[in-house]
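**Student:** okay, here's the prediction I keep looking at, along with the sequence it came from:
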Amino acid sequence: MSRNSVKGKTCTMFLPTAALAAVCVATAASPAFAGDTLTTLASFNGTNGTDPQAGLILFGDTLYGTTSAGGVNNDGTVFSLPTTGGTPTTLAAFNGANGVVPLAGLTLSGGTLYGTTSAGGANNDGTVFSVPITGGTATTLVTFNGTNGADPIGGLTLSGGTLYGTTEVGGVNNDGTVFSVPVAGGTPTTLVTFNGSNGAHPYADHLVLSGGTLYGTTFSGGAYSAGTVFSVPITGGTPTTLVTFNGANGQLPAAGLTLVGGLLYGTTSNGGANNDGTVFSVPITGGTPTTLFSFDGTNGADPVGGLILFGDTLYGTTSAGGVNNDGTVFEITTPEPASWALLAVSAAAGLMLCPGRYRKKLILVGQKI
């Protein structure tokens, strides 16, 4: 994890290495990253986990996350770590039967952590699990079977006593699903089965819930097979396609959405003027998306993470591009799209954000991102 100043605020990035991984902190006086000092909070060693693919959540003075591999069975872990650093505590170790390869972050409610594994379970199609915040045996809440979804690589959205999420594939057409399940577990309810024309393969790390409606993205599908933005009632039904990407206005959205007022903001990993990805907005009622920015490689490329809002500014990351082609951290100021400006900060060499579909995200805590 590295923290760097952007207009006096602090940016937090979560950065894996190629094999073992470290949670670390870097400080700097300016956005230039010159003279950064990196403080390692924890180094994974395989036994206590390896290859964390998701962002962290913060509760009190403790960070919680997942590793996609490592642990006793080399099937991944759930861990906790004091913000001051130290040895990570393994709260749960997956064993295949209760899941394997957790790629998404965690959701916390009360004293329980909730998450997904992208594979494993009785049918090797992934699971939804819970584990006490103090640690213990992971409880399998859902075992996917293909028909009701498979390979959940995104996290969960909690409302009341219900968890909402997506599966990348599975469902009637094997194009992925939106599902819900009680926090106590049970048979998942399939809210949406994608069919290609209305979207396919939701990769995003979360769904946005507003009122009685869920909002999300699909990585592909739609009229141009370039991905969509969709909405669906929490009770389920036919999804409404709010945006069909066509390449020129972006394509292949890999991240979730940020809702501000009546606008949804997001990123596409490709497409736009330079085919290096875009930042876009669209009304929650749908329509033609507004391209707020098209990346050009120099200032970043391939944004696969979502956006967060603080004040009148959106913050995000690109997985490539920048001075070293190792990715950037950027901000876009609001409120008028015509006056939005981009500040791209090149990530230091060797701190490459995870490419491809495995996304990193920034987390807003107080006045820190």
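**Tutor:** That came through, no problem.
**Student:** number of residues surrounding the closest residue to residue 50 other than its chain neighbours?
**Tutor:** Leaving out its chain neighbours, the residue that sits closest to residue 50 by C-beta to C-beta, 6 or more residues apart in numbering is residue 70, at 3.6 Å. Glycine gets a C-beta too; all of them are placed from N, C-alpha and C. Applying other C-beta atoms under 10 Å, we find 25 other residues in the vicinity of residue 70.
**Student:** for residue 70, grab phi and psi.
**Tutor:** With angles defined as degrees, to the nearest 10, residue 70 sits at phi 80, psi -170.
**Student:** then residue 177?
**Tutor:** Here is the backbone geometry of residue 177 (degrees, to the nearest 10): phi -140, psi 160.
**Student:** still on that earlier bit, dump the residue contacts of the residue nearest to residue 50.
**Tutor:** 44, 45, 46, 47, 48, 49, 50, 51, 76, 77 (C-beta atoms under 8 Å, 6 or more residues apart in numbering).
**Student:** can we see that at 6 Å?
**Tutor:** Taking C-beta atoms under 6 Å, 6 or more residues apart in numbering as the contact definition, residue 70 lies against 46, 49, 50.
**Student:** tally of neighbours for the last one?
**Tutor:** Neighbour count of residue 50, defined by other C-beta under 10 Å: 21.
**Student:** quick check: beta-bridge partners of it?
**Tutor:** Taking DSSP bridges as the rule, residue 50 bridges to residue 69.
**Student:** how near is it to residue 90?
**Tutor:** Between residue 50 and residue 90 the distance is 12 Å, computed by C-beta to C-beta, to the nearest Å.
**Student:** then the second one?
**Tutor:** Distance check for residue 49 against residue 90: by C-beta to C-beta, it reads 7 Å.
**Student:** same question for residue 269.
**Tutor:** Remark: distance between residue 269 and residue 90 (C-beta to C-beta) = 33 Å.
**Student:** those two: which has the busier surroundings?
**Tutor:** Neighbours around residue 269 and residue 90, counted as other C-beta under 10 Å, are more numerous at residue 269. The numbers are 29 against 18.
**Student:** now do the shared contacts for residue 49 and residue 90.
**Tutor:** Taking C-beta under 6 Å, 6+ apart as the contact rule, residue 49 and residue 90 both touch 77, 79.
**Student:** on the three-state scheme, the residue nearest the centre of the chain is what?
**Tutor:** For the chain, the residue nearest the mean C-alpha position is residue 205 (3.2 Å; C-alpha atoms, centre = their mean). At residue 205, secondary structure determined by DSSP: H, G, I helix; E, B strand; the rest coil is coil.
**Student:** for it, phi and psi?
**Tutor:** Main-chain torsions, residue 205, degrees, to the nearest 10: phi -80, psi -10.
**Student:** what does the one 10 residues further on give?
**Tutor:** Backbone torsions for residue 215, taken as degrees, to the nearest 10, come to phi -120, psi 140.
**Student:** now the residue nearest to the centre of the chain: how far from residue 40?
**Tutor:** Noted for residue 205: a distance of 25 Å to residue 40, by C-beta to C-beta.
**Student:** with residue 288 instead?
**Tutor:** The value you get for residue 288 to residue 40, if C-beta to C-beta is used, is 46 Å.
**Student:** which residue packs closest to residue 47, ignoring adjacent ones?
**Tutor:** residue 70 (6.9 Å).
**Student:** sorry, wrong one. I was asking about residue 266.
**Tutor:** residue 257 (4.7 Å).
**Student:** give me the distance between the two termini of stretch 233-249.
**Tutor:** 26 Å (C-alpha to C-alpha, to the nearest Å).
**Student:** kindly apply the preceding question to stretch 100-118 instead.
**Tutor:** 7 Å.
**Student:** chain center to that stretch, what's the gap?
**Tutor:** 12 Å (C-alpha atoms, centre = their mean, to the nearest Å).
**Student:** go through it and flag the buried ones.
**Tutor:** Across stretch 100-118, burial judged by 16 or more other C-beta atoms under 10 Å covers 100-107, 113-118.
**Student:** ok, now stretch 220-232?
**Tutor:** So stretch 220-232, judged by 16+ other C-beta under 10 Å, has buried residues 220, 221, 222, 224, 225, 226, 227, 228, 229, 230, 231, 232.
**Student:** can you get me the start-to-end distance on it?
**Tutor:** 17 Å.
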